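J.: no sequence for this one, just the structure:
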Ligand code: PEP
C-alpha cells in the first residue's frame, strides 16, 4: 500500500501561509508516499487551488454528521468536499476533549464523510492517565470499535493512533510500544471490518519530527503519520515526506 503523510494545521494558518504549500509542492513534486495537508476550513478552497496539478491532497479537520440544516457555524462533509478536499480528520483528541465528541458521534461523522466520497481519518488514542493505569489497549480497542463505521474499506478509512500525551509534547511512546499498539489495532480492525483491514493505512501521530520519523516509519503496521506542529513548515513536513517515501 502507498503510505500517507498527513499534516494537521489545526487552528493555524492565514492566506499568507499558503507560501508553505508552494515550497512543499516544489520541493516534493512526485513523492513515493501520499501527501496531505488539512488546513482550517477557511483555507481548504484556497489550498486546493494552490495544490491543483501537484501531488498534494487537501483535507478538512471536522464535519457535522448531518448533510445540511440549521447548524450555525458547522460545515457538512459535502461542503468540505465541494471546497476541494479529499479527506477528513475526525475524532481528533482535541475535538473529543474540547467538544465532548463521543465514539458514536465520530462514527456518524465518518459515515457522513464516506457517504460523499471523502476518506475518513479516524483518530484514536489514550490519555496519560489511561496509559499510567495500564488501560491503553482497552481504550484504543473501545474507541476503534465505536468510531469505525460498518462497511469501511481500505479506500475509505484511515486510522490515526495518537496517544494524547504525545501530541505537541515532544514525547513519544517507545518504538516497541508503537509496534505493539499498531499490531493490536490491525487485529481489532480485522475483527471489525474483516479482510479489508489489511489495506487500511494505520498512521502514527504525536510529536513526529524529522528526527524521529525514520525509526517510527520502519515499524511494521505503521503506514504513515499524522503530523501537527511539524506540518506547518514546508521544510519540516517535507523531511517527513522524504522519510516516509524512503521507508
Ligand atoms: C496532532 O495533533 O495530530 C499531532 C500529531 O500533533 P503534533 O505532531 O504536534 O504532536
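T.: Noted; the coordinates are in hand. All values reported here derive from a predicted model rather than from experimental measurement.

J.: burial of residue 85, as a residue count?
T.: Counted with other C-beta atoms under 10 Å, the neighbours of residue 85 add up to 28. To be clear about C-beta, it is placed using only N, CA and C from the backbone, and glycine gets the same treatment.

J.: scratch that, residue 95
T.: Neighbours of residue 95 using other C-beta under 10 Å come to 18.

J.: so what's it closest to, chain neighbours aside?
T.: residue 101 (4.9 Å; C-beta to C-beta, 6 or more residues apart in numbering).

J.: May I have the secondary structure class of that neighbour?
T.: With DSSP: H, G, I helix; E, B strand; the rest coil as the basis, residue 101 sits in coil.

J.: my guess is it contacts residue 89, does it?
T.: No: the pair residue 101 / residue 89 is not scored as a contact, 11.9 Å apart, by C-beta atoms under 8 Å.

J.: So for the two, which sits in the more crowded spot?
T.: Taking other C-beta under 10 Å, residue 101 and residue 89 do not tie; residue 89 has more neighbours (25 against 21).

J.: Return the distance of that one relative to residue 34.
T.: 15 Å (C-beta to C-beta, to the nearest Å).

J.: go on, residue 86?
T.: Taken as C-beta to C-beta, the span from residue 86 to residue 34 is 10 Å.

J.: Just want to know which of the two has more residues nearby.
T.: The residue with more neighbours, out of residue 86 and residue 34, is residue 34; 23 against 16, by other C-beta under 10 Å.

J.: How about the more buried one: what's its closest non-neighbour residue?
T.: In this structure, residue 34 finds its nearest non-sequential neighbour in residue 4, 4.5 Å apart by C-beta to C-beta, 6+ apart.

J.: Run a quick neighbour tally on that neighbour.
T.: Neighbours of residue 4 under the rule other C-beta under 10 Å: 23.

J.: Report the contact partners of it.
T.: Contacts of residue 4 were listed using C-beta atoms under 8 Å, 6 or more residues apart in numbering, and they are 33-34, 36, 158, 201, 203, 223-225, 244.

J.: Which single one of these is nearest to the ligand?
T.: Distance to the ligand across the contacts of residue 4 (C-beta to the nearest ligand atom) is lowest for residue 225, with 7.9 Å.

J.: Test my guess that the closest one contacts residue 33.
T.: No: the pair residue 225 / residue 33 is not scored as a contact, 9.5 Å apart, by C-beta under 8 Å.

J.: Give me the common contacts of the two.
T.: Shared contacts of residue 225 and residue 33, counting by C-beta under 8 Å, 6+ apart, come down to 4-5, 244.

J.: so which of the residues you listed are also by the ligand?
T.: Checking the shared contacts of residue 225 and residue 33 against the ligand by C-beta under 6 Å from any ligand atom, not one of them is in range.

J.: Now tabulate those residues in JSON lines and tack on pLDDT.
T.: Output for the shared contacts of residue 225 and residue 33, formatted as JSON lines (pLDDT from 0 to 100):
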{"residue": "4", "pLDDT": "97"}
{"residue": "5", "pLDDT": "97"}
{"residue": "244", "pLDDT": "94"}
